[in-house]
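J.: Need coordinates for the below:
(one chain, ligands or ions: 1)
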Amino acid sequence: KKVIFSGAQPSGKMTLGNYLGAIKNWTKLQDEYECFFSVVDLHAITVPQEPKVLRENAKKLLAQYIACGLDPEKNTIFIQSHVKEHLELMWVLNTMTYMGELNRMTQFKDKARKSEANLNAGLFTYPVLMAADILLYQTDLVPVGDDQKQHLELARDLANRFNNRYSDTFKIPEGYYPKEAARVMSLQDPTKKMSKSDENVNGFILLEDDPDTIRRKIKKCVTDSEGVVRYSPEQPGIKNLLDIYSALSGKSIDEIVKMYEGKGYGDFKADTAEVIISVLEPMRQKYLALLEDKEYLEKIYCEGAKKAEAKARKTLRKVYKKVGFLERK
Ligand code: TYM
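T.: Next up, the predicted model:
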């Protein structure tokens, strides 16, 4: 079976962007592939976290994974910090990554611009840890949103570099991006991606938003004065809603545009909200129920860590040997 690896940071709440960009595809692929889905808490501490909150968020994210439809029987679902091999491989890859490569990472540059006070080394080497995550499992496919493309390229480059310097060791992973809504945009500024770190809560929809909150946020959502539902780069707000509508309903953009011919934004927005609610509300109910079952969640991540570790160890053992570390018998 081909292998899939992906993950999300437990840094607060999951947005509709996380779902459409990544998790929706995970659920689609889980039957055909051997899948590893991680709660990447090691990545999360590159920005300051409240310890108690981080612990809660890790559990909540795991519950979200399952509520979104990942089957814990079929998939290996685990917490990144439970499998130390991620850090061990990261160190080796660190020594093979050029400063220049990391300097070019747009996400790092964005973060550097925004928060000079917290420009720690972890933020800089973050993509190397992500490469380690992926390469440890001999991953074939990495289902992520558009914003992770550059990071994935680095993982591929590092795999090639290692294979060339030593000998064939890593699979070269491919990115897997959604056809629609690979980049869900902010509802308040449709030129920016939807992000939970947006200070304006109306910019994003959370997977745990209740129906009324969703209706309110979509109603307030920034559009334009054209007044025609059309898929055009000049109408980024409407384009974003069309992407969301299409991805969640399975209807094509053309079909939806036809449906709203001669109608105003009011109808279109109201229906978009209902389409979102029809998908998110059942997941939210499941999520709330799962949060009550701490033992079940604990069982999943403990078993997940064991399975992940077994696979990760195999790769790491090879790597250490090739690099020239003396084996401890
Ligand atoms: P993170 O936690 O920021 O986001 C998780 C996933 O959601 C996708 N995503 C979006 N997709 C479309 N539109 C949006 N507005 C949007 N916002 C987020 C992201 O592309 C991602 O797929 N570095 C990663 C986590 C990570 C990882 C990995 C992923 C660590 N190691 C190994 C894959 C493989 C991140 O910060 O994702």
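J.: Tally up the residues packed near the residue of the stretch 1-150 of the chain with the smallest separation from the ligand, please.
T.: Nearest residue of the stretch 1-150 of the chain to the ligand, counting by CB to the nearest ligand atom: residue 21, 1.8 Å away. Heads up, the C-betas are built off the backbone N, CA and C, glycines and all. Counted with other CB atoms under 10 Å, residues neighbouring residue 21 total 26.
J.: just checking, it is part of a helix?
T.: Yes - per DSSP: H, G, I helix; E, B strand; the rest coil, residue 21 lies within a helix segment.
J.: What distance do you get for it to residue 277?
T.: Distance from residue 21 to residue 277, counting by CB to CB, to the nearest Å: 19 Å.
J.: Ok, residue 125 next?
T.: 40 Å.
J.: Check residue 207 too.
T.: From residue 207 to residue 277 the distance is 12 Å (CB to CB).
J.: With residue 61 instead?
T.: Distance from residue 61 to residue 277, by CB to CB: 22 Å.
J.: Could you do residue 194 as well?
T.: For residue 194 relative to residue 277 (CB to CB), the value is 17 Å.
J.: Which one of the two is surrounded by more residues?
T.: Between residue 194 and residue 277, residue 194 has the larger neighbour count (other CB under 10 Å), namely 26 against 21.
J.: Tell me which helix or strand residue 125 sits in.
T.: helix 121-136 (DSSP states H and E).
J.: Of all the residues in that helix, which ones are buried?
T.: 123-136 (16 or more other CB atoms under 10 Å).
J.: how distant is that helix from the center of its chain?
T.: 14 Å (CA atoms, centre = their mean, to the nearest Å).
J.: Establish whether it and the ligand are in contact.
T.: Yes - using CB under 6 Å from any ligand atom, we find that helix 121-136 touches the ligand at 130, 133, 134.
J.: Could you tell me which residues make contact with the last one?
T.: For residue 134, the set of contacting residues under the criterion of CB atoms under 8 Å, 6 or more residues apart in numbering consists of 5, 142, 152, 155, 173.
J.: could you dump those residues to JSON lines with secondary structure, distance to residue 76 and neighbour count?
T.: Putting the contacts of residue 134 into JSON lines (DSSP: H, G, I helix; E, B strand; the rest coil; distance: CB to CB, whole Å; neighbours: other CB atoms under 10 Å) gives the following:
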{"residue": "5", "secondary structure": "strand", "distance to residue 76": "9", "neighbour count": "27"}
{"residue": "142", "secondary structure": "strand", "distance to residue 76": "15", "neighbour count": "24"}
{"residue": "152", "secondary structure": "helix", "distance to residue 76": "20", "neighbour count": "20"}
{"residue": "155", "secondary structure": "helix", "distance to residue 76": "19", "neighbour count": "26"}
{"residue": "173", "secondary structure": "coil", "distance to residue 76": "17", "neighbour count": "22"}
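J.: Out of those residues, which comes closest to residue 237?
T.: Nearest to residue 237 out of these is residue 152 (CB to CB; 28.5 Å).
J.: Against residue 61, how distant is the nearest residue to residue 323 once chain neighbours are set aside?
T.: Counting by CB to CB, 6 or more residues apart in numbering, residue 323 lies nearest to residue 92, which is 6.0 Å off, once chain neighbours are set aside. Distance of residue 92 to residue 61, given as CB to CB: 28 Å.
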